[in-house]
Structures are given as C-alpha cells and as structure tokens.
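Colleague: A structural model of the following input is requested.
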Amino acid sequence: ELSDGANINNLKFSDLGEFEVPLPSLSEQKRIVAILDKAFAAIDMAIANTKKNLQNVRELFESYLEGVFEDEISERKAIHEISRVINGYAFSSKDFKSTNKVRSIKITNVGVSEFVEEDGNCLPESFRSTHSDVMVKKGNIVIALTRTIISDGLKVALVPQQYDGALVNQRVAALIVNEKLVNHLYLFNFLQTTEVEKYVLAHVNTLMQPNLSINDLKKLSVPCPSINRQNNIVGKLEIFKSEIKELENNYWKKLESLEEMRKSLLERAFSGKL
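Modeller: Below you'll find the model as predicted:
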C-alpha cells in the first residue's frame, strides 16, 4: 500500500521504520519461535522427502524405458530410412510479427520431452505456400540441433495440435515418420533413451556450443521390430506414463499443501492463534 513506483514498487526507508510489529512478551515470543522452529523443521523434512519421491518416480520411468529398448533385438534402420528429415529454414527476424497468423517452431519451443508453447513468433500467411517444405503437422517429432542435449536430457518434442501447420525455423529438425515402418510414438520414446543421449554426445561439438548436424541425426540407428510389436510397446509405455503422471501430480499437490501449511502457521502465530 505504501509503495509509490509506477513500474517498480519502491518502499521508502522512513515508511519501513514506521512499520508496526506485534510485540508480545519476550517469553511468548520465545514460545512462538520454538513452536515454529519445530513445525518448520518437520515441514522441511516432509518437503525434502516428497521431492525425493518425485525424483524416484522419474527415475522409475527412465529405468522402465531403458529396459524396454535394451531388450529389443531387431533389425535397425537409420532415421533417414524411416522418416523424412526436415532441416529448419533461416527465416529473417523481420518476418516475425505477433500479428501474423502462421506459427513457427524455434529452438525455444523444443524442451526435454515436451513442447513449449510461446506467443508471437508468427510468420506471414503467404509463407505456407512458399515454405511448405518446412511445414509440420500435429504428432511430428521436432529436435533442437543447437544445445541438443542438456542436463535434463535430449531436447525432443511432439508437435501439439496448436502448432499443426507450423513452419520449422533454423537449428530445429523435424521428423515426418513413415507410419508404415515406424509408430511415431515408438520413435519418440526411443529418442529419450540413454543410447540416443550417448550417440548425440559422441557427435556434438562440445568445445563450443554443442550442435548436432542434420547428417548425424539422419544416421542415428533405430531398432525397428514389426509394427505390431511397436504398437504393443507404445501401449505399455502410455499406461505406465499415465500411472507415473498420477503419482507426480499427487506429490506436487503434497508440496503445495506443505507450503500452504507453512504460511498458515505463520498467520496463526502472529494473530495470536498458534
């Protein structure tokens, strides 16, 4: 209420000095501090345990994913044999305007196993025909070619419905999978394995900014069992993912509840209701 900045909230030093603090007796202050210290220690431990459980859940899925593909002994094919590989176009910065209608996919849109939606980054309607060779559809796979791999894993994602018909920008590759040979979800899951991470690390330029070349991406080898076998693998993975997601949601809710409990205790402590 006292801050006077139009854009930045500023608090005057003199106003801070006048701020009133509830001041019970020293013995009551010590009692409140003792209770809060004990409660907060318990809350901190519960938060740490919950975060550890979250990590365990993620590691559980990663372990399951690795097991699925480690046990897969089948004919292997290179990426370029099972999909059309699109190398993004270097659109000019002046082509991008928030008032345009055609979405583009940049490196910033490609997260680790997830697509990151952004506002803006739109191109002119006429580009749909002039640059149709870099257009993608819902369900296509996109991979970042710059900083391809980070501490959390490989930057690969599925194109969502909102980006159906989007144009791929430079330093992003897209895979248009031949569904007669490979289930696109099977390939998407394979690209999240340790085997692929090791391949990428062996082929990126780690001395400067780590870049994966489009040619090295095309040569990446993929186990290709029968379509029925792939569909079966995808089905099992989707069920397991759903169970993992439910566990993660429960743990996130618990973290939120613990933080709310901390705030509630503080409110009670300084309103005489502890």
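Colleague: so who does the nearest residue to residue 160 once chain neighbours are set aside touch?
Modeller: Of all residues not flanking residue 160 in the chain, residue 115 sits nearest, at 5.2 Å (C-beta to C-beta, 6 or more residues apart in numbering). Where you see a C-beta, it was placed from the backbone N, CA and C, and this is true even at glycine. By C-beta atoms under 8 Å, 6 or more residues apart in numbering, the contact list for residue 115 reads 109, 142, 157, 158, 159, 160, 163.
Colleague: buried subset of those?
Modeller: 109, 142, 157, 158, 159, 163 (16 or more other C-beta atoms under 10 Å).
Colleague: Now render the residues you listed as JSON lines, adding pLDDT, secondary structure and distance to residue 188.
Modeller: Output for the buried ones among the contacts of residue 115, formatted as JSON lines (pLDDT from 0 to 100; DSSP: H, G, I helix; E, B strand; the rest coil; distance: C-beta to C-beta, whole Å):
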{"residue": "109", "pLDDT": "96", "secondary structure": "helix", "distance to residue 188": "16"}
{"residue": "142", "pLDDT": "98", "secondary structure": "strand", "distance to residue 188": "10"}
{"residue": "157", "pLDDT": "97", "secondary structure": "strand", "distance to residue 188": "8"}
{"residue": "158", "pLDDT": "97", "secondary structure": "strand", "distance to residue 188": "6"}
{"residue": "159", "pLDDT": "97", "secondary structure": "coil", "distance to residue 188": "11"}
{"residue": "163", "pLDDT": "96", "secondary structure": "helix", "distance to residue 188": "15"}
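Colleague: between these, which is nearest residue 58?
Modeller: residue 157 (17.1 Å; C-beta to C-beta).
Colleague: So in terms of bridging, what pairs with the closest one?
Modeller: Beta-bridge partners for residue 157, by DSSP bridges, are residue 142.
Colleague: what do you get for the one 10 residues further on?
Modeller: Under DSSP bridges, the beta-bridge partners of residue 167 are residue 104, residue 135.
Colleague: Report the contact partners of it.
Modeller: Per C-beta under 8 Å, 6+ apart, neighbours of residue 167: 89, 91, 102-105, 123, 127-128, 131, 134-136.
Colleague: repeat that for 10 Å
Modeller: Applying C-beta atoms under 10 Å, 6 or more residues apart in numbering to residue 167 gives the contacts 86, 88-89, 91, 95, 102-105, 122-123, 127-128, 130-136, 174.
Colleague: Buried members of those residues into ChimeraX, please.
Modeller: Those of those that count as buried under 16+ other C-beta under 10 Å are selected in ChimeraX with:
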select :86,88,89,91,95,102,103,104,105,122,123,127,131,134,135,136,174
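Colleague: Max pairwise distance over the contacts of residue 115: which two?
Modeller: Longest span within the contacts of residue 115, C-beta to C-beta: 109 and 158, 11.4 Å.
Colleague: Report the set of residues contacting both of those two.
Modeller: In contact with both residue 109 and residue 158: 115, 142, using C-beta under 10 Å, 6+ apart.
Colleague: pLDDT wise, what is the residue nearest to residue 160 at?
Modeller: As predicted, residue 115 sits at a pLDDT of 97.
Colleague: Bridge partners for it, pull those for me.
Modeller: Going by DSSP bridges, residue 115 forms beta bridges with residue 110.
Colleague: Thank you kindly, that will do.
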